[in-house]
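Asker: Attaching a predicted model along with its sequence, questions to come.
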Amino acid sequence: MKKYVRGTAIVGVVTLAVAACGSKPTEDNAGGSANKDFKACMVSDSGGFDDKSFNQTSYKGLQDAVKEKGLTEVKAESKSDNDYPTNMTAMVNAKCNVIVAVGFKLEDATEKAATANPNIKFAIVDSAPAKPIPNLKPLLFNTAQSSFQAGYLAAAMSKSGKVGTFGGLKIPTVTIFMDGFAEGVRYYNQQKSKNVQVLGWDDAKQAGLFTGDFEDKAKGQNNAQNLITQGADVIFPVAGPSGLGGLQAAKASNGKVNAIWVDTDGCISAAEYCSVLLSSVEKGMDVAVKDAVVSVVDNKFDNTQFTGTLQNNGTALAPFHEFDSKIPADVKSELEQIKADIISGKITVQSKVQPKAS
């Protein structure tokens with residue numbers, strides 16, 4: 001594949017406006033922590049830190065490290081892909097001790113900055129350089145495994161016999177979820193002699209439905225409604241903030257359509273939609289980011305790739321929350337068995353974009 005676990009007083013917070021005009025960050029180092037001069041920094045992708053998903057979960061990891069170790073936080077929120085080099089340069093100029101880049105779209109800017117600044121430690125979510133860089137730690141996640149469980153759950157809870165998924169962009173970090181979901185539905189059909197259909201993604205052809213971005217909720221709502229019109233009664237949006245439009249469509253169905261969220265527990269990050277969420281495919285970016293930052297503070301940093309799996313709890317199926325009493329006990333038991341079988345190797349997830357085990 002090309003590129004690809006949770007602390008008490010915040011000493012200082014620095015926020016850089018993104019479209020950065022080259023502005024120098026101001027700092028607030030109030031407090032008496034021995035680590036107050038240590039700058040833990042992060043650059044978001046274009047989804048922003050409040051996306052209720054990918055960036056927000058990663059940012060929580062930075063915040064947790066800052067709280068636990070009494071660090072100074074610096075962050076730059078990207079509004080577009082054009083901001084990545086500027087924001088990365090701003091973090092270097094702010095004399096950060098560690099810089100975390102959120103998302104594979106920042107891989108070029110991150111690799112260039114890491115190579116040019118060997119004395120700064122870097123970590124990047126969902127990307128791994130083709131050739132390891134001594135001061136850059138990749139943080140990858142095999143979400144195909146937990147998405148397999150999600151697909152099985154969706155198929156088991158579908159009344160129409162049709163479930164649907166759509167992505168933001170056709171990129172490995174998106175299609176890995178869609179692959180696992182489709183495989184999970186297929187496994188359900190094999191086990192139960194059913195024929196639940198997956199709309200929106202054909203994993204054999206690697207073709208399906210995408211919004212074209214991660215920001216436009218209207219596009220997500222339209223894509224979800226398209227799937228619902230075709231008969232899908234469980235929706236699996238893999239599109240960041242755009243995917244929230246899919247949850248809106250599910251909620252508007254007045255109980256006819258449910259959904260499964262991604263990256264973080266949607267009943268926590270997007271609580272207004274919890275009433276339609278069967279579960280979520282969690283991606284432990286918060287814990288991985290925190291561990292990476294703390295390793296730098298403790299002088300234990302290494303550039304070894306971290307890969308989150310079901311086995312190390314780097315990815316997981318979230319609690320069922322409001323659906324806990326509605327999901328049959330046998331389905332819950334089957335989901336646990338699937339987890340055990342994936343970990344043991346009895347079930348082999350086939351997605352070709354899975355990260356290689358670290």
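Answerer: Everything's here; your move. Numbers count the residues shown, from 1 in each chain.
Asker: so how far does stretch 39-58 reach from one end to the other?
Answerer: One end of stretch 39-58 to the other measures 17 Å (C-alpha to C-alpha, to the nearest Å).
Asker: buried set for it?
Answerer: 39-49, 51-58 (16 or more other C-beta atoms under 10 Å). Every residue, glycine included, has its C-beta placed from N, CA and C.
Asker: got it, and stretch 217-229?
Answerer: So, applying 16+ other C-beta under 10 Å, buried residues of stretch 217-229: 217, 219-228.
Asker: give me every residue that touches residue 42.
Answerer: Contacts for residue 42 (C-beta atoms under 8 Å, 6 or more residues apart in numbering) come out as 58-59, 62, 73-76, 99-102, 289.
Asker: hang on, the earlier thing: filter the buried residues of stretch 39-58 down to just the ones in helices.
Answerer: Counting by DSSP state H, the part of those found in helices is 54-58.
Asker: returning to what we had before: could you dump the buried residues of stretch 217-229 to JSON lines with pLDDT, secondary structure and distance to residue 315?
Answerer: As requested, these are exported to JSON lines (pLDDT from 0 to 100; DSSP: H, G, I helix; E, B strand; the rest coil; distance: C-beta to C-beta, whole Å):
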{"residue": "217", "pLDDT": "96", "secondary structure": "helix", "distance to residue 315": "25"}
{"residue": "219", "pLDDT": "98", "secondary structure": "helix", "distance to residue 315": "26"}
{"residue": "220", "pLDDT": "98", "secondary structure": "helix", "distance to residue 315": "22"}
{"residue": "221", "pLDDT": "98", "secondary structure": "helix", "distance to residue 315": "27"}
{"residue": "222", "pLDDT": "98", "secondary structure": "helix", "distance to residue 315": "29"}
{"residue": "223", "pLDDT": "98", "secondary structure": "helix", "distance to residue 315": "24"}
{"residue": "224", "pLDDT": "98", "secondary structure": "helix", "distance to residue 315": "23"}
{"residue": "225", "pLDDT": "98", "secondary structure": "helix", "distance to residue 315": "29"}
{"residue": "226", "pLDDT": "98", "secondary structure": "helix", "distance to residue 315": "28"}
{"residue": "227", "pLDDT": "98", "secondary structure": "helix", "distance to residue 315": "24"}
{"residue": "228", "pLDDT": "98", "secondary structure": "helix", "distance to residue 315": "27"}
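Asker: Tell me the one of the residues you listed nearest residue 302?
Answerer: Distance to residue 302 across the buried residues of stretch 217-229 (C-beta to C-beta) is lowest for residue 220, with 38.4 Å.
Asker: which residue packs closest to that closest one, ignoring adjacent ones?
Answerer: Leaving out its chain neighbours, the residue that sits closest to residue 220 by C-beta to C-beta, 6 or more residues apart in numbering is residue 245, at 2.9 Å.
Asker: Next, the buried residues of the strand or helix carrying that neighbour.
Answerer: In this assignment (DSSP states H and E), residue 245 forms part of helix 240-252. Across helix 240-252, burial judged by 16+ other C-beta under 10 Å covers 240-251.
Asker: Any chance of the ones in helices among the buried residues of stretch 39-58 in a markdown table with distance to residue 267 as columns?
Answerer: Compiled in a markdown table, these are given as follows (distance: C-beta to C-beta, whole Å):
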| residue | distance to residue 267 |
| --- | --- |
| 54 | 17 |
| 55 | 19 |
| 56 | 14 |
| 57 | 14 |
| 58 | 19 |
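Asker: so which of those residues would you say is closest to residue 341?
Answerer: Nearest to residue 341 among those, with distances taken as C-beta to C-beta, is residue 57, at 26.9 Å.
Asker: With only the CA atoms kept, save the biggest helix by length in the chain in CSV.
Answerer: Longest helix in the chain, counting residues (DSSP H): helix 172-192. This file holds the C-alpha atoms of helix 172-192, laid out as CSV (Å, rounded to 0.1, in the frame of the first residue of the first chain):
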residue,chain,number,x,y,z
PRO,A,172,-7.1,4.0,0.4
THR,A,173,-7.9,5.5,3.8
VAL,A,174,-11.6,5.7,2.7
THR,A,175,-12.0,2.5,0.6
ILE,A,176,-10.4,0.4,3.3
PHE,A,177,-13.6,1.0,5.4
MET,A,178,-15.8,0.3,2.4
ASP,A,179,-13.9,-2.9,1.5
GLY,A,180,-14.3,-4.3,5.0
PHE,A,181,-18.0,-3.3,5.1
ALA,A,182,-18.7,-5.2,1.9
GLU,A,183,-16.8,-8.2,3.0
GLY,A,184,-18.7,-8.3,6.3
VAL,A,185,-22.0,-8.3,4.5
ARG,A,186,-20.8,-11.0,2.2
TYR,A,187,-19.7,-13.1,5.2
TYR,A,188,-23.2,-12.6,6.8
ASN,A,189,-24.8,-13.9,3.6
GLN,A,190,-22.5,-16.9,3.5
GLN,A,191,-23.2,-17.8,7.2
LYS,A,192,-27.0,-17.2,7.1
